[in-house]
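In: show me how the following folds:
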Amino acid sequence: MRLHDKVAIITGSGTGLGKGIAKRFAREGASVVICGRRIDKVQETVEEISGAGGTAIGVQADVADEASVKHLVAETVSHFRAINVLVNNAGVRGAVGDATSMDLDGWWEALRINLSGPLICARHVIPAMKESGGGSIVNIGSMRLVHVKAGAAAYCASKGGLIHLTKVMALDHAADNIRVNLLSPALVLTPFTQYVVDDFDDPEEGIRYFGAQYPLGRIGTEEDIANAALFLASDESSWVTGAHLNVDGGMGAK
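Out: Numbers count the residues shown, from 1 in each chain. Below is the predicted model:
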């Protein structure tokens with residue numbers, strides 16, 4: 001019960017990695033706030049957690065919209081009277097293409113959600129964290145901070161900015177007993193990344209193909225990422241802030 005009596009907001013937690021993190025946190029005793037733009041997926045996750053004996057509420061929210069984030073924070077404080085953990089997980093792929101061909105609307109969308117979103121959420125969560133005596137913010141990055149990909153400038157740039165945002169926020173709020181860290185996953189098969197195996201006749205063949213590229217011989221699982229997020233959210237990492245943790249099967253060492 002490493003998060004007993006803690007209240008955690010996990011953005012983009014209706015599906016994928018965010019959902020896995022939320023379920024893990026709930027099993028560790030946290031009261032979790034599930035949020036995302038698709039309220040049907042948000043409610044599905046809430047029902048799964050509640051059905052397993054956990055405590056969860058759902059709030060529809062767009063992390064790039066400040067009024068929406070204010071509502072998210074107000075609902076959390078109204079229900080649980082505190083905020084101890086924020087996981088900035090919500091993200092999009094954004095525009096695909098090079099500088100001459102990418103759709104600029106997709107470029108701005110990636111920056112708004114992947115980079116501005118964590119800032120806006122932190123902006124409104126931090127005052128509540130200070131009232132609670134401190135807390136932990138976990139920003140979710142990507143292996144694309146280290147291994148960039150042609151045609152993915154929007155995604156790589158928006159995630160890359162999280163390195164310096166994380167470090168500066170860690171310095172700005174250390175005196176408030178608020179820790180800020182960056183967790184960067186490599187490939188984990190979720191609805192967000194399913195497209196990478198869609199070209200294979202057999203998805204399992206695609207999983208084996210990509211897994212063979214990792215030093216540890218497999219792609220990641222939602223549980224791999226949730227366990228790392230749990231460490232950074234819990235008091236076990238009480239002397240860790242401004243850090244960048246790659247959870248990537250060894251890919252970052254290549």
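In: can you pull the contacts of the residue nearest to residue 4 when sequence neighbours are not counted?
Out: Nearest non-adjacent residue to residue 4, counting by C-beta to C-beta, 6 or more residues apart in numbering: residue 29, 3.7 Å away. Where you see a C-beta, it was placed from the backbone N, CA and C, and this is true even at glycine. Contacts for residue 29 (C-beta atoms under 8 Å, 6 or more residues apart in numbering) come out as 1, 2, 3, 4, 5, 6.
In: the longest strand in the protein is where?
Out: When the chain is parsed with DSSP state E, its longest strand is strand 178-185.
In: tell me what it is packed against?
Out: helix 117-131, strand 135-140, helix 153-173, helix 222-233, strand 244-247 (3 or more C-beta pairs under 8 Å, 6 or more residues apart in numbering; DSSP states H and E).
In: for it, the averaged confidence score.
Out: Across strand 178-185, the average pLDDT comes to 98.
In: how about stretch 15-28?
Out: pLDDT averaged over stretch 15-28 gives 97.
In: one more: stretch 67-86?
Out: 98.
In: for that stretch, output the C-alpha coordinates as PDB.
Out: Output of stretch 67-86 as PDB, limited to C-alpha atoms (Å, rounded to 0.1, in the frame of the first residue of the first chain):
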ATOM      1  CA  ALA A  67     -10.900  26.100 -17.900                       C
ATOM      2  CA  SER A  68     -11.200  22.300 -18.200                       C
ATOM      3  CA  VAL A  69      -8.100  21.800 -16.000                       C
ATOM      4  CA  LYS A  70      -9.500  24.200 -13.400                       C
ATOM      5  CA  HIS A  71     -12.700  22.100 -13.300                       C
ATOM      6  CA  LEU A  72     -10.600  18.900 -13.000                       C
ATOM      7  CA  VAL A  73      -8.700  20.200 -10.000                       C
ATOM      8  CA  ALA A  74     -11.900  21.600  -8.400                       C
ATOM      9  CA  GLU A  75     -13.700  18.300  -8.700                       C
ATOM     10  CA  THR A  76     -10.700  16.400  -7.200                       C
ATOM     11  CA  VAL A  77     -10.400  18.700  -4.200                       C
ATOM     12  CA  SER A  78     -14.200  18.600  -3.700                       C
ATOM     13  CA  HIS A  79     -14.200  14.800  -3.600                       C
ATOM     14  CA  PHE A  80     -10.900  14.000  -1.800                       C
ATOM     15  CA  ARG A  81      -9.800  17.300  -0.100                       C
ATOM     16  CA  ALA A  82      -6.200  16.900  -1.400                       C
ATOM     17  CA  ILE A  83      -4.000  16.200  -4.400                       C
ATOM     18  CA  ASN A  84      -0.700  14.400  -3.700                       C
ATOM     19  CA  VAL A  85       0.300  13.000  -7.200                       C
ATOM     20  CA  LEU A  86      -0.100  14.200 -10.700                       C
END
